[in-house]
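K.L.:
Okay, predicted coordinates and the sequence, questions at the end:
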Amino acid sequence: MEQQGFTVWFTGLSGAGKTTLADALEPILRQRALKVEKLDGDVIRTNLSKGLGFSKEDRDTNIRRIAFVCDLLTRNGVAVITSAISPYRDVRDEARQTIGNFVEVYVRCSIPELARRDVKGLYAKALAGDLPNFTGVSDPYEEPLNPEVTVDSETESVEESLAKVVSRLEELGYLPSSVPARA
């Protein structure tokens, strides 16, 4: 049976745990014999979206580029894992329409907790007004209205959040159960 492609789209503020969860999900999908590609927002910005800034137009262009690649891979039977802030709801919805087999995972975390975790001090700079266009502080982040999965990295362990994602992928029929069927 040919693998059905799908995209798991992790969205949330910087430092919320999107990449951590994406990295943890990848081996699970591979263990279940799926073809997998992971697209990290930071890596895409460096390679596919180099030269784009952080205006709304540039952010939207970046997300459209990621969605284009996700669509190509998804159409070809690949399980795609994407982690990108993707702050604007309308462009995430556009990505959902483009890709079709789309599972939005909202990685929620409060600004105070993100500032506490932030080893680079970006939240402190943004909160002090020294870092313009910082999503969630001086630029908007529009929370998803109806994500397939919401995880809270402030109150859940990585394992708890990952279990919610895997369970939902199984429910949606994208991921075969890890429990072998009895004859």
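P.N.:
Happy to help now that I have it. Numbers count the residues shown, from 1 in each chain.
K.L.:
Just confirm Ala16 contacts Val105, I think it does.
P.N.:
No: assessed by CB atoms under 8 Å, Ala16 is found out of contact with Val105, at 10.7 Å. Placement of C-beta: from N, CA and C, glycine included.
K.L.:
Not counting the longest helix seen in the chain itself, show me its contacts.
P.N.:
When the chain is parsed with DSSP state H, its longest helix is helix 56-75. Residues outside helix 56-75 that contact it (CB atoms under 8 Å, 6 or more residues apart in numbering): 5-7, 9, 37, 39, 41, 44-45, 48-49, 52, 80, 82, 84, 86-88, 91-92, 94-95, 98-101.
K.L.:
would you put the C-alpha positions of that helix in PDB?
P.N.:
Taking Å, rounded to 0.1, in the frame of the first residue of the first chain, the C-alpha atoms of helix 56-75 are listed here in PDB:
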ATOM      1  CA  LYS A  56       4.200  40.900   7.200                       C
ATOM      2  CA  GLU A  57       4.700  40.600   3.500                       C
ATOM      3  CA  ASP A  58       8.100  38.900   3.900                       C
ATOM      4  CA  ARG A  59       6.800  36.600   6.600                       C
ATOM      5  CA  ASP A  60       3.800  35.600   4.400                       C
ATOM      6  CA  THR A  61       6.200  34.900   1.500                       C
ATOM      7  CA  ASN A  62       8.300  32.700   3.700                       C
ATOM      8  CA  ILE A  63       5.300  30.700   4.900                       C
ATOM      9  CA  ARG A  64       4.000  30.400   1.300                       C
ATOM     10  CA  ARG A  65       7.400  29.000   0.200                       C
ATOM     11  CA  ILE A  66       7.300  26.400   3.000                       C
ATOM     12  CA  ALA A  67       3.700  25.500   2.100                       C
ATOM     13  CA  PHE A  68       4.800  25.000  -1.500                       C
ATOM     14  CA  VAL A  69       7.500  22.600  -0.600                       C
ATOM     15  CA  CYS A  70       5.200  20.800   1.900                       C
ATOM     16  CA  ASP A  71       2.600  20.400  -0.800                       C
ATOM     17  CA  LEU A  72       5.100  18.900  -3.300                       C
ATOM     18  CA  LEU A  73       6.300  16.400  -0.700                       C
ATOM     19  CA  THR A  74       2.800  15.600   0.600                       C
ATOM     20  CA  ARG A  75       1.500  14.900  -2.900                       C
END
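K.L.:
If you count neighbours, what's buried in it?
P.N.:
Neighbour counts over helix 56-75 (16 or more other CB atoms under 10 Å) mark 59-60, 62-63, 65-67, 69-71, 73-74 as buried.
K.L.:
And stretch 25-32, by the same measure?
P.N.:
Neighbour-count burial for stretch 25-32 flags 25-26, 28-29, 32 (criterion: 16+ other CB under 10 Å).
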